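**Q** dropping the sequence and predicted coords here.
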Amino acid sequence: MLSLSPIKILIIVAVVLLLLGPDKLPDVAHRLGSSWRALKRLQERVESEVRSAIPDLPSTNEIARIARSPVNLLNQLAANVDAKEESAAAEASKSQPTAPPASEVPPAPPSETVAPPIPRPESTILPPDPSLN
């Protein structure tokens, strides 16, 4: 990652000052500043149009955090799904009637006759082919 120490910044400023000269530097700085402002305005305008089209979109900071760490997003989504499944299971167990005691359970009806399993043919092992050696 790019690390700018104070010494590096001073060297960059000195090189720019030497290349542009003191008379052109304010003009170039003004142009850079106005270009940066125009770019920021464009970004804000695009973001407002996207947010008006998609109102449920998370904040820009949230999107940046998700982009930096997508694994955390997947973990959060998995936790949300687990929590929903647990709450659904808890509600289902509350709404289901309790089973009657074993003494009150009626006997199961007689089962129908079940066909015997179909025997499978045993696999035959072929001798090795002598032409392959």
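**A** That came in fine, so what should we check first?
**Q** for the protein, which segments count as helices?
**A** Read by DSSP state H, the chain holds these helices, from start to end of the chain: 6-53, 60-68, 70-95.
**Q** if we go by neighbour counts, what in the second one is buried?
**A** Neighbour-count burial for helix 60-68, counted by 16 or more other CB atoms under 10 Å, picks out no residue. C-betas here are computed from N, CA, C, even on glycine.
**Q** and the angle for that helix with helix 6-53?
**A** What separates the directions of helix 60-68 and helix 6-53 is an angle of 110 degrees, with axes from the mean of the first three to the mean of the last three CA atoms, to 10 degrees.
**Q** by contact count, what packs against helix 60-68?
**A** Applying 3 or more CB pairs under 8 Å, 6 or more residues apart in numbering; DSSP states H and E, we find helix 60-68 packed against helix 70-95.
**Q** pLDDT on the helix it packs on, on average?
**A** Averaged across helix 70-95, the pLDDT comes to 83.
**Q** which neighbouring elements make contact with that helix?
**A** For helix 70-95, where contacts count as 3+ CB pairs under 8 Å, 6+ apart, the packed elements are helix 60-68.
**Q** so what touches the helix it packs on?
**A** Contacts of helix 60-68 from elsewhere in the structure, counted by CB atoms under 8 Å, 6 or more residues apart in numbering, are E47, L57, P58, N72, L73.
**Q** present the residues you listed as a markdown table; the columns should include neighbour count and distance to S35.
**A** Conversion of the contacts of helix 60-68 to a markdown table gives the following (neighbours: other CB atoms under 10 Å; distance: CB to CB, whole Å):
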| residue | neighbour count | distance to S35 |
| --- | --- | --- |
| E47 | 12 | 19 |
| L57 | 13 | 28 |
| P58 | 11 | 29 |
| N72 | 11 | 35 |
| L73 | 13 | 34 |
